[in-house]
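K.L.:
sequence and predicted structure are below.
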Amino acid sequence: MMNASRYPGFGLLLVDDEPAWLRSLSLTLERSAGITNILTCSDSRQVMALLESREIGLVLLDLTMPHLSGEELLAGIVESYPDLMVIVISGMNQVEHAVRCVKLGAFDYFVKTVEEDRLLGGVLRAIRMRELQQENREMSSQLLGGGLRRPELFSGIVTADRAMLTIFAYLEAVAKSPQPLLITGESGVGKELIARAAHTLSGCRGPLVSVNVAGLDDTVFADTLFGHLRGAYTGADQPRRGMIEEATDGTLFLDEIGDLSIPSQVKLLRLIQEGEYFPLGSDRPRRIKARVIVATHRDLSAREQSGGFRRDLYFRLRTHHVQIPSLRERKGDIPLLLDHFLTQAAQALGKKRPTPPRELGPLLAAYDFPGNVRELRAMVYDAVSVHRERILSMESFIRITGRRETRPAPAPAGTNLFSGLLRLPTFGEAAELLVAEALSRAAGNQTLAARLLGISQPALSKRLKQGRTPL
């Protein structure tokens, strides 16, 4: 989370024997980059003790200092703290000094008179590099260690699927990162549940604020997110807080990000990249103090390649990325979800929980669920709302699953399925092939197989008993 009082999550140590320069640089970093986790040191002899006692991730080091020179300190830091990043800021604009410092292990080298934007860019690159190093170490430890540290935070997501459990472990690993999280997957897979879990894992004190940006034009998008001042436009009689401000110290969740217009994408890019925004009618920027999570059912990579989505924004947003599998990719979860939704629907509708028939499981397993978990939930609620007997009726499920072809589209009308075969099957062979396919699609359930064949279950059973078994 982007916390105004502690950004980044590790300390920046500024080392220079000129206190005025330290004050100036500290103010510049805070004002222009939102960097507030800063320590200063004007005595080079105290640096190593500070590194030992404080959590420092980046050192900005002057070269020319009394007692211990910058080069001596750089060599000592690299030897004792090889993971620590060091940027040298010198008053000397000499190539040989820069080359020597980089060879010693400095991340970058700047002259004090360099443009402010270049220096800030170098500092922000170093911060991002350090964050990635920390995230990669934590992620590797989490994924290799196996299991979840806080499985209770995922209790709202019903699953036993291995791919989903891997996603949970990944979310735990990147939970504390201030970088954006991109959630992709088909409609109905539960992207908002994943966003809620990520928010809870982050430990943010503030709320999760959700905004569906699909269909918002540029002006409405800006007003919704950034808010406005009184008099910003005709009708703006009162100031209004934007969703970014509502999400302070929490998480801003932008759903359907793939439908955002190009002008709005530019505004979002500035928000992500610079960490600041302008309320409508204001000429003073404000800092974002929330973690950003975005989600879409669209293929952002394809949209970026076709020019419908900005490349720079795409790569900014996918710093952390999870792709939620569709329900047809995790059909082992269908029985768990069915049981969960039956209980949930019965409680919501004030009914006794019905018993699902044995045939229901195979029927649902043979269906492709284009609407994913959301569609299964709707099916169950519809069936429970009209059920009267102890056993849940199959009728509504059969009606819905029969509307769509869950296998590849049939051959065009008039096409002979047997054309092109060197040898035509006999009537008996063709019938056996049909029965075998029907039983396969029905997972061995004869009642469902008979429905698929358009015959009665006793007729199918009689055929099987007569020894005409499937090939």
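P.N.:
Great, that's in hand.

K.L.:
what segments of the chain are strands?
P.N.:
Secondary structure of the chain (DSSP state E): strands located at 11-15, 38-41, 56-61, 85-90, 108-111, 181-184, 208-212, 227-228, 240-241, 251-255, 276-277, 286-287, 291-296, 320-323.

K.L.:
out of those, nearest to residue 154?
P.N.:
Taking CB to CB, strand 320-323 is the member of the strands of the chain nearest to residue 154, at 12.7 Å. (Glycine included, C-beta is placed from N, CA and C.)

K.L.:
what pairs with residue 287 across the strands?
P.N.:
residue 276 (DSSP bridges).

K.L.:
correct me, but it touches residue 36?
P.N.:
No. Between residue 287 and residue 36 there is no contact under CB atoms under 8 Å: 9.8 Å.

K.L.:
quick one: closest of the strands of the chain to residue 137.
P.N.:
Comparing these by CB to CB, strand 56-61 comes nearest, at 12.6 Å.

K.L.:
quick one, the closest one and strand 11-15 angle?
P.N.:
20 degrees (axes from the mean of the first three to the mean of the last three CA atoms, to 10 degrees).

K.L.:
which strands and helices sit next to strand 56-61?
P.N.:
Where contact means 3 or more CB pairs under 8 Å, 6 or more residues apart in numbering; DSSP states H and E, strand 56-61 is packed against strand 11-15, helix 47-53, helix 70-80, strand 85-90, helix 116-145.

K.L.:
okay, the ones you listed in JSON lines with mean neighbour count and mean pLDDT next?
P.N.:
Shown next, in JSON lines, are the helices and strands packed on strand 56-61 (neighbours: other CB atoms under 10 Å; pLDDT from 0 to 100):
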{"stretch": "strand 11-15", "mean neighbour count": "22", "mean pLDDT": "96"}
{"stretch": "helix 47-53", "mean neighbour count": "14", "mean pLDDT": "94"}
{"stretch": "helix 70-80", "mean neighbour count": "17", "mean pLDDT": "92"}
{"stretch": "strand 85-90", "mean neighbour count": "23", "mean pLDDT": "92"}
{"stretch": "helix 116-145", "mean neighbour count": "15", "mean pLDDT": "78"}
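
K.L.:
of all those, which one comes closest to residue 463?
P.N.:
Closest among those, using CB to CB: helix 116-145, at 51.6 Å.

K.L.:
export the helices and strands packed on strand 56-61 to CSV and tack on distance to residue 63?
P.N.:
Below are the helices and strands packed on strand 56-61 laid out as CSV (distance: least, CB to CB, whole Å):
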stretch, distance to residue 63
strand 11-15, 10
helix 47-53, 13
helix 70-80, 4
strand 85-90, 4
helix 116-145, 15
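
K.L.:
for residue 399, find the nearest of the ones you listed.
P.N.:
Residue 399 lies closest to helix 116-145 among those, at 43.4 Å (CB to CB).

K.L.:
I figured residue 67 hits residue 46, correct?
P.N.:
No. Taking contacts as CB under 8 Å, residue 67 lies outside contact range of residue 46: 9.6 Å.

K.L.:
please consider this matter closed, and thank you.
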